[in-house]
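Sharing a sequence plus its predicted fold:
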Amino acid sequence: MKIIMLGAPGAGKGTQAQQISAKYDIPQISTGDIFRANIKNNTELGAKAKVYMDAGDLVPDDLVIDLVADRITWDDCKDGYILDGFPRSIPQAEALDEILRSREDKVDYVLDIDVPDENIIHRMGGRRACPNCGATYHIEFNPPKVEGVCDNCGGELILRDDDKPETVKERLTVYHDQTQPLIDYYEKEDILESVDGTKEIDDVFNQIVEILGE
Ligand code: ADP
Ligand code: AMP
């Protein structure tokens, strides 16, 4: 099963992708996590991506597309995968279509997690992320068992630099300009499924399981 997670920054893509990954046993491929790991490891790609990420902008398409094209050929992707944060622009979606078509493959579901902008700022301000394993929490809506410590791996939780309010505003503008048009794009391909992302985390997941099947 191949799934794309769509939605504004902070809509809950990563939170849901983790649960989908556990239930259906397919990997979560988060381009944001891949860039953050590259930044942490001081790679050339990380240095290039950081400039855009810190400004709340999208990393240029060519840097992202090659990375995903390679990642989905890994062995753990043979039964499917969840693309979390990719594609984020029409050129990325067209490139993905082309790559999959050339491999006689296709995406099965595009899940659009719908959350209005007014909920997003509050969600991002309370988000805490584990730089070690990529798990995300919310200080109010989804707190870790021990404050500041990741339940999964014991890592120290952080407030991401790009979750500060001024960067979040820019990320929302970028989302509306460049990513939201993908809703129409996938509606035309007839694989778009909309999920009400304002519900509680478990309710959102239940909606997703209804779509994907048990
Ligand atoms: P995205 O991957 O779309 O950027 P996240 O999954 O990281 O979003 O979620 C953003 C923040 O909102 C996190 O702090 C997360 O714990 C919280 N969150 C996710 N889903 C919900 C929900 N349904 N209700 C309330 N808070 C949520
Ligand atoms: P995320 O963790 O998905 O919120 O992504 C964090 C940041 O990484 C984004 O604000 C972008 O700067 C960058 N990024 C992640 N995925 C992509 C993508 N598909 N295209 C361009 N930039 C991306």
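Yep, that arrived. None of these values were measured; they are calculated from a predicted model. Ligands and ions are numbered 1, 2, ... in the order given.

Pull up the gap between the residue in the chain that ligand 2 sits nearest to and residue 25, please.
Across the chain, the shortest distance to ligand 2 (CB to the nearest ligand atom) belongs to residue 32, at 1.9 Å. Every residue, glycine included, has its C-beta placed from N, CA and C. Here the criterion is CB to CB, to the nearest Å. By it, residue 32 lies 22 Å from residue 25.

Quick one: name whatever helix or strand follows the helix or strand bottoming out on mean pLDDT in the chain.
Every helix and strand in the chain was compared by mean pLDDT, DSSP states H and E; the lowest is helix 117-125, with a mean of 90. Per DSSP states H and E, the first helix or strand lying C-terminal to helix 117-125 is strand 127-129.

before we move on, the earlier item: so is the least confident helix or strand of the chain next to ligand 1?
Yes - against ligand 1, helix 117-125 shows contacts by CB under 6 Å from any ligand atom at residue 123.

In that helix, which residues are buried?
Neighbour counts over helix 117-125 (16 or more other CB atoms under 10 Å) mark 120, 123, 124, 125 as buried.

Get me the contact residues on the chain for ligand 1.
Applying CB under 6 Å from any ligand atom, we find that the chain lies next to ligand 1 at 7, 9-15, 123, 126-127, 136-138, 141-142, 197, 199-201, 204.

Which of those residues fall within strands?
Of the residues of the chain next to ligand 1, the ones assigned to strands by DSSP state E are 7, 127, 136, 137, 138.

And these, which two are furthest apart?
7 and 137 (18.1 Å; CB to CB).

The two - which one has more neighbours?
Legend: neighbour count by other CB atoms under 10 Å for residue 7 and residue 137, higher for residue 7 (25 against 22).

isn't that one right up against residue 110?
No - Residue 7 lies out of contact with residue 110 (CB atoms under 8 Å); the separation is 10.4 Å.

What ranges does this protein have for its helices?
Per DSSP state H, the chain carries helices over the ranges 13-24, 31-40, 44-55, 61-71, 90-102, 117-125, 165-174, 181-188, 201-212.

per-residue confidence for residue 134?
Residue 134 is assigned 87 on the pLDDT scale.

Contacts only, for residue 151.
Listed by CB atoms under 8 Å, 6 or more residues apart in numbering, the contact set of residue 151 reads 135, 137, 144, 145.

So which of residue 32 and residue 25 has more stuff around it?
Set residue 32 next to residue 25 and count neighbours by other CB under 10 Å: residue 32 wins out with 21 against 11.

What's the separation between the more buried one and residue 75?
23 Å.

Equivalent analysis for residue 163, please.
33 Å.

which of the two has more neighbours?
residue 163 (20 against 5).

looking at it, residue 198 is touching residue 115, isn't it?
Yes - with contact defined as CB under 8 Å, residue 198 reaches residue 115; the gap is 5.7 Å.
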